[in-house]
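Participant: coords below, sequence missing:
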């Protein structure tokens, strides 16, 4: 049984493939929200067999019950949608991060991008980091060869970094080894914020727009980010420990430096211990400081 169900999209001109999965590297849902914004109402041209990719006990389908009657199931999915952004053909691969068959999936995706004559691959992700919500969202980059990153994003961090891989990175590496240029843009989300973080989604979407050389209307998403910023400012002002910690992060951000790994871990542990664990400050949903 083929892993991909493909629907011929017709003529494509040097399309860009943008990929984002929820889960491991989707802090604040930033990358999947950005992908959704890019996809818009684009038609699905390919879908993947969820029965062989997902563990439904770990990622259960959503059941709707109306007046005591089982009504509808929504299953986790992974799809490719076609979008036309100005004069650019953009394909958005997004959905739930697969649980199984990563190697087979990477082979299928390489076959798909070759079939569609994809010109470049862009990975989108978001990671928790020691950054303040009061400063612009930092973006880290990866690139298959020097000079591919745009929008003033630099590759990094320097040196060797070993981390548990996401399936997104497995696909990016496979596509690059197939000879297709690849880049990755990864937003850094304040680790003390839980829930959606639209500021990072805005930053990622704007970065893709600058990479493609297109203008995107993000007014609604920018407004959501502004509202959350106001709630976070209020919550921070009410707690002296939180305020001091954010000020320290601001100082590091302004000096464009990051703390050493051991110092950072100790600092975060101390911060959480002093605050007595997670709580919900005033301001409503999306403003919890962990």
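Facilitator: Cool, got the structure. Small disclaimer: the values here were computed from a predicted structure and weren't measured. Residues are numbered from 1 along each chain as shown.

Participant: quick one: mean pLDDT over stretch 126-145.
Facilitator: When pLDDT is averaged over stretch 126-145, the result is 95.

Participant: list the buried ones in it?
Facilitator: 126-133, 137-144 (16 or more other C-beta atoms under 10 Å). Glycine gets a C-beta too; all of them are placed from N, C-alpha and C.

Participant: straight-line length of it, end to end?
Facilitator: One end of stretch 126-145 sits 22 Å from the other (C-alpha to C-alpha, to the nearest Å).

Participant: on that earlier part again, okay, and which of the buried residues of stretch 126-145 map to strands?
Facilitator: Judged by DSSP state E, strands contain the following of these: 126-129, 139-143.

Participant: give me the contact list for stretch 170-186.
Facilitator: The set of residues external to stretch 170-186 that reach it, using C-beta atoms under 8 Å, 6 or more residues apart in numbering, is 17, 19, 25, 102-103, 105-107, 109-110, 113-114, 118-127, 139-145, 148-151, 153, 169, 204, 207-208, 211.

Participant: quick check: end-to-end length of that stretch?
Facilitator: Start-to-end, stretch 170-186 (C-alpha to C-alpha) is 15 Å.

Participant: could you do stretch 206-220 as well?
Facilitator: End-to-end for stretch 206-220, by C-alpha to C-alpha: 13 Å.

Participant: same question, stretch 48-63
Facilitator: 21 Å.

Participant: buried ones in it?
Facilitator: Buried residues in stretch 48-63 (16+ other C-beta under 10 Å): 48-50, 53-54, 59.

Participant: of those residues, which belong to strands?
Facilitator: residue 48.

Participant: among the contacts of stretch 170-186, the buried ones, what's the PyMOL command?
Facilitator: In PyMOL, this line selects whichever of these come out buried by 16+ other C-beta under 10 Å:
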select buried, resi 17+19+25+102+105+106+109+110+113+118+120+121+122+123+124+125+126+127+139+140+141+142+143+144+148+149+150+151+153+169+204+207+208+211
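
Participant: the stretch 101-250 of the chain: strands as residue ranges?
Facilitator: Counting by DSSP state E, counting those that start in this stretch, the stretch 101-250 of the chain has these strands, from start to end: 120-129, 139-143, 182-190.

Participant: with distance to residue 81 added, can I get those in CSV?
Facilitator: Compiled in CSV, those are given as follows (distance: least, C-beta to C-beta, whole Å):
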stretch, distance to residue 81
strand 120-129, 14
strand 139-143, 23
strand 182-190, 19
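
Participant: what is the nearest of the ones in strands among the buried residues of stretch 126-145 to residue 71?
Facilitator: Lowest distance from residue 71 to these (C-beta to C-beta) belongs to residue 126, with 33.2 Å.

Participant: domain parsing of this protein, as residue ranges.
Facilitator: Segmentation of the chain into domains, based on automatic domain parsing, reads 4-218, 224-275.

Participant: which of those is buried the deepest?
Facilitator: domain 4-218 (a mean of 18; mean count of other C-beta atoms under 10 Å).

Participant: ends of that one, what's the gap?
Facilitator: 32 Å.

Participant: tell me which of the strands of the stretch 101-250 of the chain approaches residue 72 most closely.
Facilitator: Closest among these, using C-beta to C-beta: strand 120-129, at 29.4 Å.

Participant: list the helices and strands that closest one packs on?
Facilitator: Applying 3 or more C-beta pairs under 8 Å, 6 or more residues apart in numbering; DSSP states H and E, one finds that strand 120-129 makes contact with strand 16-22, helix 30-39, helix 167-177, strand 182-190, helix 198-212.

Participant: how about CSV for the ones you listed, with mean pLDDT and distance to residue 86 added?
Facilitator: Listed next are the helices and strands packed on strand 120-129 as CSV, based on pLDDT from 0 to 100; distance: least, C-beta to C-beta, whole Å:
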stretch, mean pLDDT, distance to residue 86
strand 16-22, 97, 12
helix 30-39, 97, 12
helix 167-177, 97, 24
strand 182-190, 97, 19
helix 198-212, 98, 8
